[in-house]
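*Asks:* make a model of this:
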Amino acid sequence: MFKKTALAALGLGLALSTSAYAQETIKVGLILPYSGPFADAANQLEAGVNLYVAKHGDTVAGKKIEFIRKDTGGPNPDVAKRLAQELVVRDGVDIIAGFALTPEALGAADVATEAKKMMVVMNAATSVVTEKSPYIVRTSVTIPQVNYVFGKWVAEKGGVKQAYTLVADYGPGLDAEKSFAKGFTEAGGTIVGADKTPVANPDFSAFVQRVADAKPEAVYIFIPGGAQPAAMGKALADRGLTPPNVKLFGQGELTHPEALESMGDTANGIITTFHYTLERDDPMNKEFVDGYHAANNGRSPDLFSIGGYDGMHLIYETLKKTNGDASGDALVEAAKGMAWQSPRGPMSIDPETRDVVQTVYIREVQKVGDKLQNVIIDQIADVKDPNHGAAQ
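*Replies:* Numbers count the residues shown, from 1 in each chain. Coordinates of the predicted model:
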């Protein structure tokens, strides 16, 4: 009898010890496309996460932060959902995060709701994402957020009355076209032509020729990053569709540093909109960029990096507010209305939508010394996504 009682007590003691240990750890599940066509985006996002942890330590509110990484090979919403379920049920995570791609964020949304886990979206940029679960908080950007105000700016301050749109034929490109055109026409502009390019291995020549034939005053372009901006730049230059012959506008990927190197002087004068600008003259941004360079063999941070960095800021600060309570309801409540200074500038979480509110920058490619770079020429503060509450 004594033996059984002692064993039972020992078992209970071990269980309590294990439980106490578990309570000292906050598990964060990162769901990202570490392999496949978007692997670089995943690597850049995680590099932002890692930089934040390296700077602020891996303990917050007395709890050790532990990461469990899952690869979707994406875009793959079904895999993202399955991995989210595994993280919750098998791995016992407290928070799910990452989500470079909209389809994967949408795939995992129901899991966050059912499990009541805070889900931090560090990139996926379609407006509707935060509406799919009351446990989703976004720290990146939305495509309408930057492009709607940009369309207004192009008409009102850019002095443009007519524009042609040329966008990649997939969800983000269609969002960009719709929101830019809405802002532009509301401010008195006219869209004189619209065309869409294939996402995979496009040959831009025929599309750009149609733009040249239309002889527009200005062209608005949205294409993914990677090799496409340089290819688009060459096609435009071959047909004389570069500043000052025609005004070129686009979302920030069009003039990423790697793209500027490939495009050369033909990029001079292109105006883009973005929520993060590498060259922003600010001590916090300089520290962020320098730290990122040092940790990543000289590579520069991008939109994925800043989304991951600020996503970790949100996780740390909500845990501080809850004194380490990692329940989804407590963390989401703590996130609502949270405001902070980021390397991108001032930002906050809208308490009604749980979406990011931030400054939108208007940048022009200029020659600074012997190097082309994006130079901020205007900025619009406290921009919200214009689509929340509207039909999607």
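*Asks:* every contact and neighbour count from this point should use C-alpha atoms.
*Replies:* Noted.
*Asks:* can you point out the buried residues in stretch 237-256?
*Replies:* The neighbour-count check on stretch 237-256 (16 or more other CA atoms under 10 Å) flags 237, 241-243, 246-256 as buried.
*Asks:* could you identify the most distant pair in those?
*Replies:* 246 and 256 (20.3 Å; CA to CA).
*Asks:* now the strands for the stretch 1-150 of the chain?
*Replies:* 25-32, 59-60, 63-71, 95-98, 118-121, 136-138 (DSSP state E, counting those that start in this stretch).
*Asks:* deepest-packed of the ones you listed, please.
*Replies:* Among these, the stretch with the highest mean neighbour count (mean count of other CA atoms under 10 Å) is strand 118-121, at a mean of 29.
*Asks:* that strand pairs with which strands, parallel or anti?
*Replies:* strand 95-98 (parallel), strand 136-138 (parallel) (DSSP bridges).
*Asks:* make TSV out of those strands and add distance to residue 336 and mean pLDDT.
*Replies:* Conversion of the strands paired with strand 118-121 to TSV gives the following (distance: least, CA to CA, whole Å; pLDDT from 0 to 100):
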stretch	distance to residue 336	mean pLDDT
strand 95-98	16	98
strand 136-138	9	98
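*Asks:* turn these into a markdown table, columns for distance to residue 25.
*Replies:* Formatted as a markdown table, the strands paired with strand 118-121 follow (distance: least, CA to CA, whole Å):
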| stretch | distance to residue 25 |
| --- | --- |
| strand 95-98 | 12 |
| strand 136-138 | 22 |
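*Asks:* ok, which of the ones you listed comes nearest residue 227?
*Replies:* Using CA to CA, the nearest of the strands paired with strand 118-121 to residue 227 is strand 95-98, at 23.9 Å.
*Asks:* inside strands: which ones of the buried residues of stretch 237-256?
*Replies:* 247-251 (DSSP state E).
*Asks:* what would the residues you listed look like in TSV with pLDDT?
*Replies:* Converted to TSV, these look like this (pLDDT from 0 to 100):
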residue	pLDDT
247	96
248	96
249	97
250	96
251	95
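*Asks:* out of the buried residues of stretch 237-256, flag the one nearest to residue 363.
*Replies:* The closest of the buried residues of stretch 237-256 to residue 363 turns out to be residue 252 (CA to CA; 8.4 Å).
*Asks:* so who does that closest one touch?
*Replies:* 272-274 (CA atoms under 8 Å, 6 or more residues apart in numbering).
*Asks:* quick revisit: nearest to residue 336, of the ones in strands among the buried residues of stretch 237-256?
*Replies:* For these, the nearest to residue 336 is residue 251 (28.0 Å; CA to CA).
*Asks:* partners of that closest one in the sheet?
*Replies:* residue 273.
*Asks:* residue 167 now?
*Replies:* According to DSSP bridges, beta-bridge pairing links residue 167 with residue 196, residue 222.
*Asks:* buried residues, the helix or strand hosting residue 286. List them.
*Replies:* Residue 286 is located in helix 283-295, with elements delineated by DSSP states H and E. Residues of helix 283-295 classed as buried under the neighbour-count rule (16+ other CA under 10 Å) are 285, 288-292.
*Asks:* tell me the one among those nearest to residue 356.
*Replies:* Distances from residue 356 to those, taken as CA to CA, are shortest for residue 285 (18.5 Å).
*Asks:* distance of residue 305 relative to residue 43?
*Replies:* Using CA to CA, to the nearest Å, we find residue 305 at a distance of 9 Å from residue 43.
*Asks:* look at those two and report which has more neighbours.
*Replies:* residue 305 (26 against 17; other CA atoms under 10 Å).
*Asks:* my guess is that one contacts residue 50. True?
*Replies:* No - contact criterion CA atoms under 8 Å: residue 305 and residue 50 do not qualify, at 9.6 Å.
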